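> need coordinates for the below:
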Amino acid sequence: MNEPLVLLPGLMCDARLFFHQINVISAERPVMVSPITQGERIEQIASDILSAAPAKFALCGLSMGGIVAMEVQRRAPDRVTRIALLDTSPLAETPAVAAEREPQIVRAKTGQLVEVMREVMQPKYLAPGPHRIDVLNTFIDMATALGPEVFIRQSRALQKRKDQQKTLRQLKCPVLILCGEHDTMTPVKRHEFMAELIEHAKLKIIEGAGHLPTLEKPKATTQALQDWLRQPYILQ
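Numbering: from 1, shown residues only. Here you go, the predicted structure:
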């Protein structure tokens, strides 16, 4: 049997982020969406994921989910058979960005979560086109369902996250680095840099997508993931 796939959603996202991918890929292998909603440190979230994950598994994370995925890989490289990092970053939080999260946390505590989420996922982070508002509204729906306490915990975890460039350099399994061409939050150049750190990494840029390619261009993103899942374990 093909190894199970564990999917890690982004900041304030749930399984709806991977709706299309789950529908298609679950016909070929077990698929599990692991929440990243508990814990105020990336390390704690990663530990919880490993406690619930299969003995060996393929791992895919988008945005904050990618950050957690890198920590899972760092902790248990013998359990992760392959890894896909989507619209994410291996870099630690800068002091400036960490400081920007503080007023967002205060506003979330005082009933302004939706307004904060609209600022977090600005339209400019998504690809232009008629579906941009629908994607943005899906993100707001997911965030509203998770609530302000989850936002506060995730924000604290991001503020304290560590640099994972060393983790990327040590990767020997099949690796997919994927990014929407219009992603200005974690841009294409960041992903090109990530791919350069990893021997044999496959870099895929999704045309017509921004920071949430799983929703913006679901078919192209799913195909890229299927191609990655079908790569042989032994890389030439």
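> switch to C-alpha atoms for all contacts and neighbour counts from now on
Fine.
> can you give me the strands for this protein?
In the chain, the strands defined using DSSP state E lie at 5-8, 31-33, 57-62, 80-86, 175-180, 202-206.
> can you add mean neighbour count, mean pLDDT and distance to residue 190 and give those back as TSV?
Converted to TSV, the strands of the chain look like this (neighbours: other Cα atoms under 10 Å; pLDDT from 0 to 100; distance: least, Cα to Cα, whole Å):
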stretch	mean neighbour count	mean pLDDT	distance to residue 190
strand 5-8	26	98	20
strand 31-33	19	97	26
strand 57-62	25	98	14
strand 80-86	25	97	11
strand 175-180	26	98	9
strand 202-206	20	98	11
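> let's have these in TSV, adding distance to residue 195.
Output for these, formatted as TSV (distance: least, Cα to Cα, whole Å):
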stretch	distance to residue 195
strand 5-8	20
strand 31-33	25
strand 57-62	15
strand 80-86	10
strand 175-180	6
strand 202-206	6
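> for residue 117, find the nearest of those.
strand 57-62 (16.9 Å; Cα to Cα).
> who's in contact with residue 84?
59, 60, 61, 66, 175, 176, 177, 178, 225, 228 (Cα atoms under 8 Å, 6 or more residues apart in numbering).
> related to what we said a few turns ago, can you tell which of the strands of the chain is closest to residue 116?
Closest to residue 116 of the strands of the chain, according to Cα to Cα: strand 57-62, at 20.0 Å.
> now for that closest one, which elements pack on it?
strand 5-8, helix 64-75, strand 80-86 (3 or more Cα pairs under 8 Å, 6 or more residues apart in numbering; DSSP states H and E).
> let's go with 6 Å and repeat that
Contacts defined by 3 or more Cα pairs under 6 Å, 6 or more residues apart in numbering; DSSP states H and E place strand 57-62 against strand 5-8, strand 80-86.
> just how off-centre is stretch 95-103 within its chain?
20 Å (Cα atoms, centre = their mean, to the nearest Å).
> buried ones in it?
Buried residues in stretch 95-103, counted by 16 or more other Cα atoms under 10 Å: residue 101.
> tell me where the model's unsure across this protein.
The chain contains residues with pLDDT under 70 at 1, 234-236.
> tell me where it has helices.
For the chain, helices defined by DSSP state H occupy the ranges 19-25, 42-52, 64-75, 95-109, 113-120, 132-146, 148-159, 165-169, 188-197, 213-216, 218-229.
> looking at the ones you listed, which is nearest to residue 203?
helix 188-197 (6.3 Å).
> which parts of that closest one are buried?
Using 16+ other Cα under 10 Å as the test for burial, helix 188-197 gives 188, 190, 191, 192, 194, 195, 197.
> which pair of the contacts of residue 84 spans the longest distance?
Within the contacts of residue 84, 66 and 228 form the most distant pair, 15.7 Å apart (Cα to Cα).
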